[in-house]
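[1] Provide a 3D model corresponding to the input given below.
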Amino acid sequence: MKMNVLYRSSSVMVSTKSFHKQLPHGNYYIGDICYVLRDDVFQDVWCRNNHCEPGYYEIEDGSFCVGTTAFGDGYYLGSDNERYPVDAGNIGIVSAGLIDVGARFNKKHLHKFHGPVTFKWDGIGIFQVVCEADDYTLVIDTNDEH
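    Okay, here's the model as predicted:
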């Protein structure tokens, strides 16, 4: 499986690294990646090969970005007033090609973007997803668990 890791931080839960990545238009899931990422990608690409580090990952079938939450697991409220459950201490964006066909998740967390979409993580628990073409901005602040 071809993999290209463009960014990895040195520490998962207390990283002061931050990153942003622009992704192409398409269908994406936003939330804890453990709910949707195909098991082979979650276990082999992200955890086994990269120690579940935050960053941008690109493989043959698609790509994903992921960062850690400020307080680990819980429910976090997005600026869209949706609750984002977290069971693996992360929030990310996953392209449709990497979503497990049997995954059960809130379909409101699946988005079709008509232009480039930017995923930003500040390194301390604030996530932002922006698609200017769709006039879409989502902020999830995990410094305040709900």
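[2] Residue 139 against residue 130, yeah?
    No - counting by Cβ atoms under 8 Å, residue 130 is not a contact partner of residue 139; they are 9.3 Å apart. For every residue, glycine as well, the C-beta is placed using N, CA and C.
[3] The two: which has the busier surroundings?
    Between residue 139 and residue 130, counted using other Cβ atoms under 10 Å, residue 130 has the larger neighbour count: 18 against 14.
[4] which element is that one on?
    Using DSSP states H and E, residue 130 maps to strand 126-131.
[5] Next SSE downstream of that strand?
    Remark: after strand 126-131, the chain's next helix or strand is strand 136-141, criterion DSSP H and E.
[6] In that next one, which residues are buried?
    Under the neighbour-count criterion of 16 or more other Cβ atoms under 10 Å, strand 136-141 has 138, 140-141 buried.
[7] same check, this time on stretch 30-42
    Under 16+ other Cβ under 10 Å, the buried positions of stretch 30-42 are 30-38, 41-42.
[8] for stretch 105-119, same thing?
    For stretch 105-119, by 16+ other Cβ under 10 Å, it's 109-111, 113, 117-119.
[9] is it possible to export the residues you listed to TSV including pLDDT and distance to residue 77?
    Listed next are those as TSV, based on pLDDT from 0 to 100; distance: Cβ to Cβ, whole Å:
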residue	pLDDT	distance to residue 77
109	95	13
110	96	18
111	97	17
113	98	22
117	98	21
118	98	21
119	98	18
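[10] circling back to that earlier point, just checking: what are the partner strands of the strand holding residue 130?
    Strands that pair with strand 126-131, judged by DSSP bridges, come out as strand 117-121 (antiparallel), strand 136-141 (antiparallel).
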